[in-house]
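Participant: return a 3D structure for these sequence lines:
(2 chains, ligands or ions: 3)
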Amino acid sequence: MQRIGVFICWCGSNIAATVDVQKVAEVMKSEPGVVYSADYQYMCSENGQQLIKQAIKEHNLTGIVVGSCSPRMHEATFRKTAEAAGLNPYMVEIANIREHCSWIHKDMDEATEKAIILVRTAIAKVKLNAPLMAGESPVVKRALVIGGGIAGIQAALDIADAGFEVDIVEKNATIGGRMAQLDKTFPTLDCSACILTPKMVDCAQHEKIDILSYSEVEEVKGFVGNFSVKIRRKARYVDETKCTGCKICMEKCPSKKGLNSFNMDLNTRPAIHIPFAQAIPNVAVIDPEQCIKLKTGKCGICQKFCGAGAIDYEQKDTFIEREYGAIVVATGYKPINLDAFNEYGYNDNKDVITSLELERLMNAAGPTNGVLLRPSDGEHPKVITFIQCVGSRDSSGCGKPYCSKICCMYTAKHAMLIREKYPDTEVHVFYIDVRTPGKNYDEFYRRAVEQYGVDYIKGMVGKVYNENGKLMVQGSNLIDNEQITIESDLVVLAAAIEPEPSVRKVATLLTASIDTNNFLTESHAKLRPVESPTAGVYLAGVCQGPKDIPETVSQASACAAKVIGLLAKDKLKTNPCVAIPDESMCNGCSQCANVCAYGAITYENKEFRLGGGKTEIRRVACVNPAVCQGCGACTVTCPSGAMDLKGFSSKQIMSEVEAICKK
Amino acid sequence: MQEVTTEKKEFTPNIVAFCCNWCSYAGADLAGSSRLTYPANVKIIRVPCSCRVNPMFVLKAFQQGADGVILCGCHPGDCHYVTGNYYTRRRMALLFSFLNYMGIEKERTRVEWVSAAEGARFSAVMNDFVKTVTELGENKRLTDLRVKEGE
Ligand SMILES: Cc1cc2nc3c(=O)[nH]c(=O)nc-3n(C[C@H](O)[C@H](O)[C@H](O)COP(=O)(O)OP(=O)(O)OC[C@H]3O[C@@H](n4cnc5c(N)ncnc54)[C@H](O)[C@@H]3O)c2cc1C
Ligand code: SF4
Ligand code: SF4
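Facilitator: Ligands and ions are numbered 1, 2, ... in the order given. Prediction:
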């Protein structure tokens, strides 16, 4: 005989305000099979869990239903509660009467009626639950970090310092990411390279870290604790083990007209190059689009001059396969394309630049050696106008609906640095709002206004046009309620940032969720902010949402803590809700193996008794429970109805359907 | 004293929604925590993947008196189980056209992709589906008459 217990949670007033919880608990008392039903303010609290444990013991419950928040929130909690009271943890079902009921319905009668049906549905299911035992799988004690920006670097260092092996896969020729391009960094104005490059060097020297630069992830198989990853090592035409970074090749290369992407295309670089002085690894790479030898077969100068014999024009992409227990995604961002923002004349005027271009123009290692000169004629700009929120907070469809978060601060930084270095420069900033929450952040912005005399204008810019070699910035001043035009020498656009486009491929490979703006989704916005919903995959840096360096670093360290926690385990509990074939019905047709994305199904010849002393040998399906992920694809595919899924069996789901439809 | 009401009770359809655990069930949770309402006659069954939904479950729902059945999964390409939702898409296309042939209008059945971040979309989809099914009225095809007897 089934002895079901029902526990209805008030969740304070979250459920109780719209669902008559006492009535629900009362109604359940007369449900067939239910021997105990109660309501309580907070079931997840110590006392609530105590109440459940006690009821399980006192009433000899064989299964329980908790009517509460989403199972994605507390299913694990209540399973543990049941287990502590001696009940198999899989004899627990959750009726989601908060997210799927009290929070979306306003009418008390309606919500109560729905809650009753949802709890009944869970009762119908739990009656068909069977005790399940989680299996175990070993953990590969090595982590993969995808993306070598500050997020990936920090995560790798922290994981490696805890004693675990880490590989960084970076698509560019060097690690460092966007931070390597920055000049000074807010809120303290220390030099970006000075704080970043030591960390890059630490990565290179760390015995536990392997940097796979100029590489990309091609294929991911497996699951938490046991990922198997195929990595493409792109041909750089330079032998990484031989190149000494002497740069003689850069000097001698006759093809010097390639756009320097590290300098935001503001100057050029040779076909063979090292992206910047402190690059890690400090190894050259050849751009095959630009290399004369690779395109025409003639030239080969760099090979002649390379004393280390590192140049290899025949090099091909290679693939390596490695196993990992955990994966950190840290693929970062790029500024948006500004083609849709013609009004600012970015594509028509050389002196309309983005903030990231300005970083390079102010950087001592940049194209102008840190002297701020206009790109058009190399003159010192005397009047500089900044335009904020270019493509951010824009729901017109041209830009992004979100706030890019970092622009208010870096614009204040730029304005201040310019006024400091060139006090005779006039600096204007058009803004919609100034958003500078954060420790010492508002003070930072106020210094720009109060101490450095930066002219902040609340208003939008309508257009930027060229008149007699001057950039005319036409906008509104909302405080004085007037239209103004500022004659400027340089216009700087705080372009919105968006996730690095290749994150889409990465997300697909990892089956990690992504939102409508291509930011990776965290498992819980508040409580699991660095975990992807896919177990074993963690998120660090801007790939998860706009953030500055301090926030990126905190998130990366948080990721590392999670990864270390995982890798410290020798074994993981596996999900017992896996497929199970009924051998008496299986005819070995192989359809199920065809749809299984994990290769969990194999076939075996087994002997069956036929009665009358006869036996027959038949081919039947076998599911490897350590490999099966429990999707259920095979269950529906099986033409003989031989496959079922534990925890989500056909009978269970049918009974749920029935309970919902019952009038 | 009992009041005699002559007006017919307004028709509210009964809707079964199968939601995959990783995307659409989470999307429904987000709709909830964002307080984005949709009618109470939508009831959700959690399945690991939309591909777990056997056509039998859909038939069972109609047999038991459902007026509409909707399946929600991760967007194509984003399936937590890599390819599950592709199977769903093909299977259900076949099933729904078969049901349509049997007199269960194709508007009563739907497959929608809702990600974990799309609470607003979840709510919009449900509102729209309920509206469509309400306009179609009660489903009588395939229903086991014993089910609706009590009304
Ligand atoms: C103009 C400007 C000024 C700024 N100034 C400041 C400042 O003063 N202070 C501050 O705190 N913040 C500042 N920021 C913000 C700062 O740049 C970011 O917070 C930080 O760089 C985020 O680091 P990340 O590692 O997440 O991303 P990124 O720096 O973008 O690094 C991502 C890395 O991943 C690699 N990658 C991407 N896709 C793949 C793939 N598929 N496979 C392998 N590798 C991949 C990339 O090549 C890159 O190396 C500024 C930003 C801008 C635009
Ligand atoms: S449920 Fe079936 S198809 Fe899905 S992973 Fe397991 S064996 Fe493969
Ligand atoms: S599809 Fe069904 S019958 Fe065919 S091999 Fe798989 S379990 Fe057996």
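Participant: residue in the stretch 101-250 of chain A with the shortest distance to ligand 2?
Facilitator: Residue of the stretch 101-250 of chain A nearest ligand 2, by Cβ to the nearest ligand atom: residue A:223 (10.0 Å). The way it works is simple: take the backbone N, C-alpha and C, and place the C-beta from them, glycine included.
Participant: isn't that residue up against residue A:535?
Facilitator: Yes. Counting by Cβ atoms under 8 Å, residue A:223 touches residue A:535, with 6.9 Å between them.
Participant: about what we covered before: contacts only, for the residue of the stretch 101-250 of chain A closest to ligand 2.
Facilitator: A:535, A:536, A:629 (Cβ atoms under 8 Å, 6 or more residues apart in numbering or on different chains).
Participant: so which of the residues you listed reach chain B?
Facilitator: Among those, the residues that sit close to chain B (Cβ under 8 Å from any Cβ of the partner chain) are residue A:629.
Participant: turn the contacts of residue A:223 into JSON lines, including pLDDT.
Facilitator: Shown next, in JSON lines, are these (pLDDT from 0 to 100):
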{"residue": "A:535", "pLDDT": "87"}
{"residue": "A:536", "pLDDT": "93"}
{"residue": "A:629", "pLDDT": "89"}
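Participant: give me the buried entries from the contacts of residue A:223.
Facilitator: By neighbour count, with 16 or more other Cβ atoms under 10 Å in any protein chain shown, these hold A:536, A:629 as buried.
Participant: residue ranges with poor pLDDT in chain B?
Facilitator: For chain B, the stretches with pLDDT under 70 are B:1-9, B:145-151.
Participant: near chain B, anything from the strand or helix carrying residue A:125?
Facilitator: Using DSSP states H and E, residue A:125 sits within helix A:108-126. Yes. Against chain B, helix A:108-126 shows contacts by Cβ under 8 Å from any Cβ at A:110, A:111, A:113, A:114, A:117, A:118, A:121.
Participant: give me the neighbour count for residue A:254.
Facilitator: 11 (other Cβ atoms under 10 Å in any protein chain shown).
Participant: for the closest residue in space to it that isn't next to it in sequence, give me its contacts.
Facilitator: Counting by Cβ to Cβ, 6 or more residues apart in numbering or on different chains, residue A:254 lies nearest to residue A:301, which is 6.3 Å off, once chain neighbours are set aside. Residue A:301 is in contact with A:252, A:253, A:254, A:293, counting by Cβ under 8 Å, 6+ apart.
Participant: counting neighbours, what do you get for residue A:261?
Facilitator: Residue A:261 has 13 nearby residues by other Cβ under 10 Å.
Participant: nearest spatial neighbour of the residue of the stretch 151-300 of chain A found nearest ligand 1, chain-adjacent residues omitted?
Facilitator: Of all residues in the stretch 151-300 of chain A, residue A:177 sits closest to ligand 1, at 2.6 Å by Cβ to the nearest ligand atom. The shortest distance from residue A:177 to any non-neighbouring residue, by Cβ to Cβ, 6+ apart, is to residue A:149 (2.3 Å).
Participant: who's in contact with the one you found?
Facilitator: Residues in contact with residue A:149 (Cβ under 8 Å, 6+ apart) are A:175, A:176, A:177, A:178, A:179, A:330, A:332, A:541, A:542, A:552.
Participant: give me the subset of these lying in helices.
Facilitator: Of the contacts of residue A:149, the ones assigned to helices by DSSP state H are residue A:552.
Participant: isn't residue A:515 right next to residue B:119, touching?
Facilitator: No. If you go by Cβ under 8 Å, residue A:515 and residue B:119 don't touch, sitting 10.8 Å apart.
Participant: who has more neighbours, these two?
Facilitator: residue B:119 (22 against 17).
Participant: got a list of what that one touches?
Facilitator: Applying Cβ under 8 Å, 6+ apart, the residues near residue B:119 are B:27, B:28, B:29, B:30, B:31, B:32, B:33, B:34, B:36.
Participant: do that again at 6 Å, thanks
Facilitator: Listed by Cβ atoms under 6 Å, 6 or more residues apart in numbering or on different chains, the contact partners of residue B:119 are B:27, B:30, B:31, B:34, B:36.
Participant: repeat for residue A:299
Facilitator: A:292, A:293.
Participant: returning to that earlier point: as a markdown table, the contacts of residue B:119 with distance to residue A:154 would be great.
Facilitator: Listed next are the contacts of residue B:119 as a markdown table, based on distance: Cβ to Cβ, whole Å:
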| residue | distance to residue A:154 |
| --- | --- |
| B:27 | 32 |
| B:30 | 29 |
| B:31 | 35 |
| B:34 | 32 |
| B:36 | 36 |
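Participant: in strands only, show me the residues you listed.
Facilitator: Using DSSP state E, no member of the contacts of residue B:119 falls in strands.
Participant: what about those residues, which are in helices?
Facilitator: Per DSSP H, these map to helices at B:27, B:30, B:31.
Participant: now, which of those sits nearest residue A:475?
Facilitator: residue B:30 (37.7 Å; Cβ to Cβ).
Participant: from ligand 3, how far out is that closest one?
Facilitator: 35 Å (Cβ to the nearest ligand atom, to the nearest Å).
Participant: do residue A:378 as well
Facilitator: Residue A:378 sits 72 Å away from ligand 3, going by Cβ to the nearest ligand atom.
Participant: and residue B:47, by the same measure?
Facilitator: 19 Å.
Participant: what is the neighbour count of that residue?
Facilitator: 27.
Participant: quick one: residue A:576 is in a strand?
Facilitator: No. Counting by DSSP: H, G, I helix; E, B strand; the rest coil, residue A:576 is not part of a strand but coil.
Participant: and for it, the neighbour number?
Facilitator: Other residues within reach of residue A:576, judged by other Cβ under 10 Å, total 16.
Participant: how confident was the prediction at it?
Facilitator: pLDDT, residue A:576: 95.
Participant: do I have it right that it meets residue A:132?
Facilitator: Yes. Here residue A:576 reaches residue A:132: they are 3.9 Å apart, a contact under Cβ atoms under 6 Å.
Participant: let's verify the residue of the stretch 251-400 of chain A found nearest chain B: helix, strand, or coil?
Facilitator: Minimum separation of the stretch 251-400 of chain A from chain B (Cβ to the nearest Cβ) falls at residue A:395, amounting to 13.2 Å. The three-state assignment at residue A:395 reads coil, by three-state DSSP.
Participant: now it. Nearest residue, chain neighbours left out?
Facilitator: residue A:401 (4.8 Å).
Participant: surely the one you found is in a strand?
Facilitator: No. With three-state DSSP as the criterion, residue A:401 is assigned coil and is not in a strand.
Participant: could you pull up phi and psi at it?
Facilitator: For residue A:401, the backbone dihedrals are phi -70, psi -20 (criterion: degrees, to the nearest 10).
Participant: and it, how far from residue A:519?
Facilitator: With distances taken as Cβ to Cβ, to the nearest Å, residue A:401 is found 12 Å from residue A:519.
Participant: neighbour count winner among these two?
Facilitator: Neighbours per residue, other Cβ under 10 Å: of residue A:401 and residue A:519, the larger number sits with residue A:519, 22 against 13.
Participant: so the more buried one sits against residue A:547, correct?
Facilitator: No. Here residue A:519 does not reach residue A:547: they are 10.6 Å apart, not a contact under Cβ under 6 Å.
Participant: what's the burial count for residue A:322?
Facilitator: By other Cβ under 10 Å, the residues close to residue A:322 number 17.
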